[in-house]
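>>> Give me the fold of what follows.
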Amino acid sequence: MDLEKIRAETSGIKNVIHLNNCGAGLMPQPVLDAVVTHLRREAEIGGYEAAREADAAIENSYDAIAALLNCRREEIAVVENATVAWDMAFYGFPMGQGDVVLTAVSEYASNYIAYLQRAKRDGIDVRIIPNDKYGRTDPAALAGMIDDKRVKLISITHLPTNGGLINPAAEIGKIARDAGIPYLLDACQSAGQLPLDVRAIGCDMLSATGRKYLRGPRGTGFLYVRNSMLNKLEPPVLDLHSANWTEPDRFEILPDARRFENWESYIAGKIGLGVAVDYALDIGLDAIAERIASLADSLRQRMSKFPGVTIRDIGTKKSGIISFSVRDEDPNMVLSKLAVVGINISVSGAGSTLLDMQQRDIAIMNRLGVHYYNTEAELDRFLECLATL
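Prediction:
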């Protein structure tokens, strides 16, 4: 990894020590250039005309994401964000009265709110897969829950928004495949942080964002749907992009995953997303994962030696997201005090992962996410400032 080149292409490091990559990563210069160049072109010749001119760059995004996930380009939809991507899959999945969805203790709030809405509206039954002794979603417990013929969907978050956890996505995928139960994976935090091979994981649907570890622009996300699942999902929203109006009383849905898109989209962002994915692929996801894990593991160990700091992470193999509390300090004040000296972190309240945080009796905590472009010197500076708290 050419860290010197990477940092030279990351202009934000001149302004801040950015440890909020689990919120949004800093865009590298090639991504910024791609977005700004297209926006300028829209201003010069018009939005539709600029899109026609940039057709190859737009289509590159589908090829790049397909390479990232080891799937076919026709299995990819590029949408506004990870929530829209996940919602298109979940709300498009047919379930009714008494049907069961199995999910995780650490499930993200947006997903769980959707479960509750469909429970109220459609009568589905939401059941929680217990954690193992390390705090991971327990594959053995899942295996004991799928005998019920009413189980129609397994839906989990791969890397929860806090807690440092990496859920055993591939182990869960094998259980789902063996049982013939569709599997939806929220990869919002893992896309760009870990290698993602949907064939190896065994998921039928996967949602992700561009803005976090892929270092893409905000307002971008994507959905993978396995070809064999496409006709089993009814997109909750259709328009003249996702379907064709063929007769006064008839329409035909697109045959590929673009049925989950709509006509009006952030074209500059879509182009930038493709550039961001290519940027990550050029570096290599194995190298990225190794560096993030190395930086995060070292930082956890050093933070844990501070007598006033409690690391709140769970699991066995942990992600680049570190959750922590500072004794006698409001997490919002910790965030503010670090921001004053140019260090970005964030906070995470119980409402983000309610079941997990209630189970662990945590109301709110701080959160940071390291990335491959962070340096040991930046982490030293963070620790120095943390020590003053």
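
>>> Touching, residue 146 and residue 179? I think so.
Yes. Counting by C-beta atoms under 8 Å, residue 146 touches residue 179, with 4.7 Å between them. C-beta: built from backbone N, CA, C; applies to glycine.

>>> quick one: which of these two has more around it?
Counted by other C-beta atoms under 10 Å, residue 146 and residue 179 do not tie: residue 146 has more neighbours, with 18 against 15.

>>> residue contacts, that one?
Taking C-beta atoms under 8 Å, 6 or more residues apart in numbering, we find residue 146 in contact with 102, 154, 175, 179, 181.

>>> Pipe those into CSV and attach secondary structure per row.
Shown next, in CSV, are the contacts of residue 146 (DSSP: H, G, I helix; E, B strand; the rest coil):
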residue, secondary structure
102, strand
154, strand
175, helix
179, helix
181, coil
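
>>> As CSV, those with pLDDT would be great.
Shown next, in CSV, are the contacts of residue 146 (pLDDT from 0 to 100):
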residue, pLDDT
102, 98
154, 98
175, 98
179, 96
181, 97
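
>>> Buried by neighbour count, from these: which ones?
Buried members of the contacts of residue 146, counted by 16 or more other C-beta atoms under 10 Å: 102, 154, 175, 181.

>>> what's the closest of the residues you listed to residue 69?
Residue 69 lies nearest to residue 154 out of the buried ones among the contacts of residue 146, by C-beta to C-beta, at 18.5 Å.

>>> State the pLDDT value of the residue nearest to residue 214 when sequence neighbours are not counted.
Spatially, and ignoring its direct neighbours in sequence, residue 214 is nearest to residue 192 (3.5 Å; C-beta to C-beta, 6 or more residues apart in numbering). We note a pLDDT of 98 for residue 192 in this prediction.

>>> how close does residue 192 get to residue 344?
18 Å (C-beta to C-beta, to the nearest Å).

>>> Among these two, which residue is more densely surrounded?
Set residue 192 next to residue 344 and count neighbours by other C-beta under 10 Å: residue 192 wins out with 29 against 21.

>>> That one contacts residue 211, doesn't it?
No. Residue 192 is not in contact with residue 211 according to C-beta under 8 Å; the separation is 9.7 Å.

>>> Between the two, which contacts overlap?
residue 25.

>>> for the chain, which helix is longest?
helix 285-303 (DSSP state H).

>>> what helices or strands is that one leaning on?
strand 309-311, strand 321-326, helix 376-388 (3 or more C-beta pairs under 8 Å, 6 or more residues apart in numbering; DSSP states H and E).

>>> secondary structure class for residue 38?
Here residue 38 is helix, with the state taken from three-state DSSP.

>>> and the residue lying closest to it once chain neighbours are set aside, what element?
Distance criterion C-beta to C-beta, 6+ apart; nearest residue to residue 38, sequence neighbours excluded, is residue 268 at 4.0 Å. Assigning secondary structure by DSSP states H and E places residue 268 in helix 267-283.

>>> Buried ones in that helix, by neighbour count?
Judged by neighbour count (16+ other C-beta under 10 Å), helix 267-283 contains these buried residues: 267-280, 283.

>>> Equivalent analysis for stretch 307-325, please.
For stretch 307-325, using 16+ other C-beta under 10 Å, the buried residues are 309, 311-315, 318-325.

>>> Next: stretch 38-57.
Neighbour-count burial for stretch 38-57, counted by 16+ other C-beta under 10 Å, picks out 38-39, 41-42, 50-51, 54, 57.

>>> Residues contacting it, please?
If you take C-beta under 8 Å, 6+ apart as the criterion, stretch 38-57 is touched by 34, 58, 267-268, 271-272, 274.

>>> what would those look like in a markdown table with distance to residue 8 and pLDDT?
Below are the contacts of stretch 38-57 laid out as a markdown table (distance: C-beta to C-beta, whole Å; pLDDT from 0 to 100):
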| residue | distance to residue 8 | pLDDT |
| --- | --- | --- |
| 34 | 17 | 98 |
| 58 | 28 | 98 |
| 267 | 28 | 98 |
| 268 | 24 | 98 |
| 271 | 22 | 98 |
| 272 | 19 | 98 |
| 274 | 22 | 98 |
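
>>> Looking at those residues, spot the one nearest residue 349.
Closest to residue 349 out of the contacts of stretch 38-57 is residue 272 (30.2 Å), distances taken as C-beta to C-beta.

>>> Quick check: that closest one touching residue 216?
Yes. The criterion here is C-beta under 8 Å, and residue 272 meets it with residue 216 at 5.8 Å.

>>> what's in contact with stretch 250-264?
Contact with stretch 250-264 is made by 74-79, 85, 88-89, 92, 223-225, 230, 235, 237-246, as judged by C-beta under 8 Å, 6+ apart.

>>> next one: stretch 219-228
65, 69, 71-72, 74-86, 88-89, 198, 203-211, 233, 257, 260, 266, 269-270, 272-273.

>>> For it, C-alpha coordinates in CSV please.
Extracted in CSV, the C-alpha atoms of stretch 219-228 (Å, rounded to 0.1, in the frame of the first residue of the first chain):
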residue,chain,number,x,y,z
GLY,A,219,-26.1,10.2,-1.4
THR,A,220,-25.0,6.9,-2.9
GLY,A,221,-25.6,3.3,-2.1
PHE,A,222,-26.2,0.0,-3.8
LEU,A,223,-28.2,-3.2,-3.6
TYR,A,224,-27.1,-6.7,-4.7
VAL,A,225,-29.9,-9.2,-5.5
ARG,A,226,-29.0,-12.7,-6.6
ASN,A,227,-30.4,-13.4,-10.1
SER,A,228,-32.5,-16.3,-8.7
